[in-house]
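Visitor: Sequence and predicted structure are below.
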Amino acid sequence: MDNSSSSSGVGVLDKTMSVLDALESGPASLAQLVQITGLARPTAHRLAVALERHRMVTRDSQGRFVLGPRLGELSIATGEDRLLAVAAPVLVQLRDLTGESAQLYRRQGDLRVCVSASERSSGLRDTVPVGSELPMNAGSAAQVLLAWEDSDRIRRSLVGARFTAASLAQVRRRRWAQSVAEREQGVASVSAPVSGPGGRVIAAVSVSGPIERLTRSPGRMHSQAVMSAAEKISESLHNYEGTY
């Protein structure tokens, strides 16, 4: 295998990458790795086993080498970085447009996590620090993150929730959710879904603030702005090489 055109000048790295490149097209035995990469058999074996220890490579049921789970984890982390980079300026715009604090949430198991935020600079506001873990049983962002899950997961998550299956059906129809004093007394919010490839919901964009400003019908005031922000983030993600 001729790697001269992509040589970095660091021999062991180039050889390691040749093993990973060889596995991109599917499982390979050691003999096949040797044939594809042009590496000496001891070298190919040593690199493949080292990659296996780092979970970059694993074995299938026939003992052949295949790409490992660590690559998928790194890919997810890359997607997260892209999401945050794209979302940050959009949240600032949403905050300035609505005059309320704006957040981006992702689901992690039975919790939702604030992964990005742009806070209202002064006056009464709802402050949700980045990294905050909030329950999935209350709040407009929780409704959005749950609404497009499979029916079994929705049914389990509705136990003890402050919203109903009918509420989630309405969220799916109009593509935004609102909450009034669900998560916290005196706080209202509006959220909309951010989608990745294939339309899968991967995050929720929200604005939140005191009921005195957002009223008991916060969606009437801010649903269009929140949906527009969510769509802008979604479109930007789709433009990243067609993958997330």
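Guide: That came through fine.
Visitor: So which bits of the helix or strand bottoming out on mean pLDDT in the chain are buried?
Guide: In the chain, no helix or strand scores lower on mean pLDDT, DSSP states H and E than helix 69-98, which sits at a mean of 84. For helix 69-98, burial by neighbour count (16 or more other C-beta atoms under 10 Å) applies to 71, 79, 82-84, 86-87, 90-91, 94-95, 97-98. Where C-beta positions appear, they are placed from N, C-alpha and C, glycine not excepted.
Visitor: Check stretch 18-29 too.
Guide: Ser18, Val19, Leu20, Ala22, Leu23, Ala28.
Visitor: any idea which element the fourth one lies in?
Guide: What it means is Ala22. Here Ala22, judged by DSSP states H and E, is contained in helix 11-23.
Visitor: now that helix: how far from the chain's centre is it?
Guide: Chain-centre distance of helix 11-23: 29 Å, with C-alpha atoms, centre = their mean, to the nearest Å.
Visitor: So which bits of the helix or strand that it is followed by are buried?
Guide: Next in sequence after helix 11-23, counting helices and strands by DSSP H and E, comes helix 30-37. For helix 30-37, a neighbour-count test (16+ other C-beta under 10 Å) marks Gln32, Leu33, Val34, Ile36, Thr37 as buried.
Visitor: Then stretch 172-190?
Guide: Arg175, Trp176, Ala177, Gln178, Ser179, Val180, Glu182, Arg183, Val187, Ala188, Ser189, Val190.
Visitor: Dump the buried residues of helix 69-98 into CSV; add distance to Thr43 as well.
Guide: Formatted as CSV, these follow (distance: C-beta to C-beta, whole Å):
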residue, distance to Thr43
Leu71, 21
Gly79, 33
Arg82, 35
Leu83, 39
Leu84, 39
Val86, 41
Ala87, 44
Val90, 48
Leu91, 49
Leu94, 53
Arg95, 55
Leu97, 58
Thr98, 59
